[in-house]
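Asker: the sequence isn't on hand, but the structure is:
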């Protein structure tokens with residue numbers, strides 16, 4: 001009878017120790033999470049050249065962090081990788097300038113980026129004449 005009581009007591013001690021160890025891990029994770037809410041993020045800086053993988057630095061009071069980020073290689077450098085726009089269809093070709101234009105309205109500014117509300121882009125008119133299908 002004493003052996004069963006001893007084994008039961010030993011099992012309870014192990015169970016309590018395991019539960020306490022689990023709490024310590026959860027508390028450590030909570031300590032790593034910042035309580036600061038007013039983060040200011042810089043632009044995404046590519047590791048090499050002007051596109052691809054990189055990092056973005058953020059500061060909040062005395063804290064600073066680095067986040068991984070990626071700049072697509074087909075991004076519009078003029079607008080910045082953190083400014084996302086909804087573009088209209090291309091306008092007609094101007095015979096005076098030889099370019100066509102379209103505008104884009106700001107859809108989203110990531111990481112509090114400073115973005116223009118409306119942007120305009122131009123491109124050369126196509127020299128090809130498209131034939132209509134019969």
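Answerer: Thanks, I have it. Every value quoted in this text rests on a predicted model; they were computed, and no experiment measured them. Numbering: from 1, shown residues only.
Asker: mind listing what's buried along stretch 46-61?
Answerer: 46, 51, 54, 56, 58 (16 or more other CB atoms under 10 Å). Just so you know, the C-beta spots here come from the backbone N, C-alpha and C atoms, and that holds for glycine as well.
Asker: could you do stretch 121-129 as well?
Answerer: With the criterion 16+ other CB under 10 Å, stretch 121-129 contains buried residues residue 121.
Asker: mean confidence score for that stretch?
Answerer: Averaged across stretch 121-129, pLDDT comes to 81.
Asker: could you do stretch 66-84 as well?
Answerer: 81.
Asker: now the strands for the chain?
Answerer: Remark: strands assigned in the chain by DSSP state E are 40-41, 45-46, 52-60, 63-71, 83-87, 99-109, 118-124.
Asker: which one, of the ones you listed, ends up nearest to residue 2?
Answerer: The closest of those to residue 2 is strand 63-71. By CB to CB, the value is 56.5 Å.
Asker: and that closest one, what does it pack against?
Answerer: strand 52-60 (3 or more CB pairs under 8 Å, 6 or more residues apart in numbering; DSSP states H and E).
Asker: quick one, domains of this protein?
Answerer: 36-72, 74-128 (the TED database).
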